[in-house]
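Visitor: Okay, sequence plus prediction incoming.
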Amino acid sequence: MVNNTHSIEPNGQTVKIDGSPNELIARRKEERDALLARGVNPYPHQFTVTASSVEVLRDYADGAPQWNVSVAGRIVAIRRMGKASFIHILDSQGRIQLYLRSNDLANYDDFKLYDIGDIIGVEGYVFRTRTGEVTIHAASFAILCKSIHPIPTPKEETDEQGVKTVHDAFTDKELRYRQRYTDLIVNPEVRGVFIKRAKIISAVRKYLDERGMLEVETPALQPLYGGAYARPFVTHHNALDIDMYMRIADELYLKRLLVGGFDGVYEISKDFRNEGMDKKHNPEFTMMELYVAYKDYRWMMELTEELLCTVCSAVNGGETIDCGGRVISFKPPFRRLPMLEAIEEFTGRNLRGLDDEQLRAAANELHIGKLEPGSGAGKIIDEIFSQKVEHNLVQPTFITDYPLSMSPLAKSHRTEPGLVERFELIVNGSELANAFSELNDPLEQRRRFEEQARLRARGDDEAMPLDEDFLHALEIGMPPAAGLGIGMDRLVMLITGQESIRDVILFPQMKPEGA
């Protein structure tokens, strides 16, 4: 390990200091100045890299001709031995050991001014040490970035049975979220989560593109929000002198494109909802929304099954995942369970045909909390389902056929009065996807928007506002269609086995420090 308890004096000698964070930062600044005094630029413009750590470790072969490589990365461990040093660097792929020897390096004394956290570049040849570790013997080296602030330096130990123990790990969750850059350096498994996240999004996009769907972009800043039950973020457009809203969903704009003649459109985008924060909710989140003409929600169930099975297999190498000891299978078909039947299955209560007051009484008897005074039938049923049913559904389950009042944008059920053709996919106790047979009757849509306005007047500030331009589009004519929304953050949580949405968002929302 690098010695963090010395300071450089003008005469080149070192003196002991107490090693506090402020002293360590001061020492690193002095080292920076000392490098400049020697004519070394600690922040050069570029460095040519010819191999990654993974490539070197994978492709080196004993007995092969000498292999010269150029690598770069952050110093994460130093072992000084007088006129030679072993160091480990971390690049974007992993760790590799370097060997520096004073006899080979004219600037070896500069290495005394290097610390853990510094980024360096090394040119040299690959060999295997007596202990069997593939290593790069440095023929030249250069500092690429002098680190001023120390980073945590966990120490790994492996016992005779091969069990690895990490000491002084960087585990403070809040600090890790605030300093994700440090988290990515110190905890390599975190980097793996976000590499998988990128692969998941890429696999979803590939699946849809191969089936002829068109990826589009719709406004994030909107004069009127809609497409979901949610409170929006409000901002002010200075040039237009009007209030505008960050989108809560992409739905109404994507449906306008079906009116315009596209048969299948999707968008993977950031949505924003001004609501609470917990393990499953972040105010800024990533959604995939898909709308396909001439299809219904039954067709969309089959697509959803195939999509998720394909993505899971592409990223994890199989149809199953392990979520905290629960093995979850994405192999189709998934269970299909009507919502009211699900509530009856887990509570013993039959809610069919009950009015608002009867539903409120049933909710009280079931000890349902969070009911606001203006909540209508849909909100009450949704809360009963959320609190009494959802957490019981571990394997992928399509909850189908929702009450009409909960789904103002969905088509009425073709055989069940008072219900709509809608499903939510629940996996491991959490909603993952939401889909409709889309309502395309403009007069019925207007009536439902007006009902939403009445709910808003009663105090439901999540009810949707009436969107005249969207209604005008429907009056021009939208074909029968199916729509699907998948919460990409929750999908990543499932496939990577993470318990909190903050663990799959690189920079989650946090309270300001000290607030």
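Guide: Received, thanks. Numbering: from 1, shown residues only.

Visitor: And the helices in this protein, which stretches?
Guide: 21-37, 53-59, 173-178, 180-186, 188-210, 251-259, 297-316, 339-347, 356-365, 377-388, 442-457, 468-476, 488-496 (DSSP state H).

Visitor: Could you export the ones you listed as a markdown table, including distance to residue 126 and mean pLDDT?
Guide: C-beta here means a position set from N, CA and C on the backbone, and glycine is covered the same way. Formatted as a markdown table, these follow (distance: least, Cβ to Cβ, whole Å; pLDDT from 0 to 100):
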| stretch | distance to residue 126 | mean pLDDT |
| --- | --- | --- |
| helix 21-37 | 28 | 95 |
| helix 53-59 | 6 | 97 |
| helix 173-178 | 34 | 92 |
| helix 180-186 | 24 | 94 |
| helix 188-210 | 22 | 97 |
| helix 251-259 | 52 | 97 |
| helix 297-316 | 32 | 97 |
| helix 339-347 | 60 | 96 |
| helix 356-365 | 68 | 92 |
| helix 377-388 | 57 | 92 |
| helix 442-457 | 67 | 88 |
| helix 468-476 | 62 | 97 |
| helix 488-496 | 33 | 96 |
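
Visitor: nearest to residue 127, of those?
Guide: Using Cβ to Cβ as the measure, helix 53-59 is the one of these that comes nearest residue 127, at 10.8 Å.

Visitor: In this structure, where is pLDDT below threshold?
Guide: Applying pLDDT under 70 to the chain flags the ranges 1-19, 155-159, 162-168, 515.

Visitor: mind running it again at 50?
Guide: Within the chain, the segments meeting pLDDT under 50 span 1-18.

Visitor: Tell me which of the helices of the chain lies nearest to residue 86.
Guide: That would be helix 53-59 among these, by Cβ to Cβ, at 15.0 Å.

Visitor: mind listing what's buried in that closest one?
Guide: 53, 56-57 (16 or more other Cβ atoms under 10 Å).

Visitor: could you say what helices and strands that helix packs with?
Guide: In this structure, helix 53-59 makes packing contacts with strand 68-80, strand 95-101, strand 134-145, judged by 3 or more Cβ pairs under 8 Å, 6 or more residues apart in numbering; DSSP states H and E.

Visitor: Show me what the longest one pairs with in its sheet, parallel or antiparallel.
Guide: I take that to be strand 68-80. Sheet pairing of strand 68-80 (DSSP bridges) gives strand 84-90 (antiparallel), strand 119-128 (antiparallel).

Visitor: now those as TSV including distance to residue 183 and mean neighbour count?
Guide: Below are the strands paired with strand 68-80 laid out as TSV (distance: least, Cβ to Cβ, whole Å; neighbours: other Cβ atoms under 10 Å):
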stretch	distance to residue 183	mean neighbour count
strand 84-90	13	20
strand 119-128	17	19
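
Visitor: Include distance to residue 464 when you put those into TSV, please.
Guide: Below are those laid out as TSV (distance: least, Cβ to Cβ, whole Å):
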stretch	distance to residue 464
strand 84-90	49
strand 119-128	51
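
Visitor: Out of the helices and strands packed on helix 53-59, flag the one nearest residue 449.
Guide: Closest among the helices and strands packed on helix 53-59, using Cβ to Cβ: strand 68-80, at 55.2 Å.

Visitor: Tell me what angle the closest one forms with helix 188-210.
Guide: For strand 68-80 against helix 188-210, the angle by axes from the mean of the first three to the mean of the last three Cα atoms, to 10 degrees is 150 degrees.

Visitor: just to revisit the earlier point, out of the helices and strands packed on helix 53-59, which comes closest to residue 199?
Guide: For these, the distance to residue 199 is smallest for strand 95-101, at 21.9 Å, taking Cβ to Cβ.

Visitor: Which elements pack onto the closest one?
Guide: helix 53-59, strand 68-80, strand 84-90, strand 119-128, strand 134-145.

Visitor: partners of it in the sheet?
Guide: Here, using DSSP bridges, strand 95-101 pairs with strand 84-90 (antiparallel), strand 134-145 (parallel).

Visitor: Buried residues in that strand, which are they?
Guide: Quick answer for strand 95-101 (16+ other Cβ under 10 Å): 95-100.

Visitor: Give me the contact list for that strand.
Guide: 53, 56-57, 71, 73, 76, 83-89, 108, 111, 122, 124, 129, 133-138, 141 (Cβ atoms under 8 Å, 6 or more residues apart in numbering).

Visitor: repeat for stretch 141-151
Guide: Against stretch 141-151 from outside (Cβ under 8 Å, 6+ apart): 4, 21, 24-25, 28-29, 31-32, 35, 40, 42-44, 47, 72, 74, 98, 100, 105, 107, 110-111, 114-123, 182, 185-186.

Visitor: separation between residue 420 and residue 444?
Guide: Distance, residue 420 to residue 444, using Cβ to Cβ, to the nearest Å: 11 Å.

Visitor: Let me fix that, I meant to ask about residue 323.
Guide: 40 Å.

Visitor: which one of the two has more residues nearby?
Guide: Taking other Cβ atoms under 10 Å, residue 323 and residue 444 do not tie; residue 323 has more neighbours (18 against 14).

Visitor: for that one, which residues make a bridge with it?
Guide: Assigned bridge partners for residue 323, using DSSP bridges, are residue 326.

Visitor: pretty sure it is touching residue 498, no?
Guide: No - contact criterion Cβ atoms under 8 Å: residue 323 and residue 498 do not qualify, at 9.2 Å.

Visitor: circling back to that earlier point, now the helices and strands packed on helix 53-59 in JSON lines, with distance to residue 224?
Guide: Formatted as JSON lines, the helices and strands packed on helix 53-59 follow (distance: least, Cβ to Cβ, whole Å):
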{"stretch": "strand 68-80", "distance to residue 224": "48"}
{"stretch": "strand 95-101", "distance to residue 224": "52"}
{"stretch": "strand 134-145", "distance to residue 224": "47"}
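
Visitor: I'd say residue 270 and residue 218 touch.
Guide: No - using Cβ under 8 Å, residue 270 is not in contact with residue 218; the gap is 11.5 Å.

Visitor: the more surrounded of the two?
Guide: For residue 270 and residue 218, the more surrounded residue by other Cβ under 10 Å is residue 218, and the numbers stand at 18 against 12.

Visitor: what sits against the closest residue in space to residue 296 that isn't next to it in sequence?
Guide: Spatially, and ignoring its direct neighbours in sequence, residue 296 is nearest to residue 437 (4.3 Å; Cβ to Cβ, 6 or more residues apart in numbering). Listed by Cβ under 8 Å, 6+ apart, the contact partners of residue 437 are 296-297, 410-411, 420-422, 480-482.
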